[in-house]
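Undergrad: would you be able to build a 3D model of this:
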Amino acid sequence: MSVVLNFEKTTMVQPDMELFEHFKSTKKDLARINEMNRSNEKDERIKILQEVNERLNSEITQLKSKICNMSQKKTEFEDRDELLSALKVMTSHYENEKKQRLLVSSKMKKLETLYDDAFEEEQTAEMESSDDIQDINKSLSFLLQN
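TA: Numbers count the residues shown, from 1 in each chain. Next comes the predicted model:
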């Protein structure tokens, strides 16, 4: 019973329509800016993947040149087993780099899908919030008229 006696009286504040109109006008600008940022991030991802690809290609050419040098310097090796073991080591390095490249590309794809999902959820949340604000404003204006 004491809770009812301690009830605080509140007053309704008239919504600021100019502020709401400003919000609606800047919402489109924010969406455009977000889209530009998203395209910039895609460009950066593409640059990163290109750099990784160039690095892998340079390492492959280095490995090929080492193999060629080793085949030319066959006489320096005491037997054929040393040449084959060096070749196996180089091919294993190549395969490891190839696996890492595939792993990086799959992770980038996952990140892009997660980013797209988050962007879509953010867009739907913004649309729902604007609908909720409109419903609240309608109900407030109806209450004020009554």
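
Undergrad: tell me the helices and strands packed up against the longest helix along the chain.
TA: Identified as the longest helix of the chain according to DSSP state H is helix 80-145. In terms of contacts (3 or more CB pairs under 8 Å, 6 or more residues apart in numbering; DSSP states H and E), helix 80-145 is packed against helix 17-72. Glycine gets a C-beta too; all of them are placed from N, C-alpha and C.

Undergrad: give me the helices and strands touching the helix it packs on, please.
TA: Against helix 17-72 (3+ CB pairs under 8 Å, 6+ apart) you get helix 80-145.

Undergrad: per-residue confidence averaged over the helix it packs on?
TA: The average pLDDT within helix 80-145 is 82.

Undergrad: stretch 46-54 now?
TA: Rounded mean pLDDT across stretch 46-54 is 85.

Undergrad: which outside residues touch that stretch?
TA: Arg101, Val104, Ser105, Met108 (CB atoms under 8 Å, 6 or more residues apart in numbering).

Undergrad: tell me how far Ser85 lies from Thr91.
TA: Per CB to CB, to the nearest Å, Ser85 is found 11 Å from Thr91.
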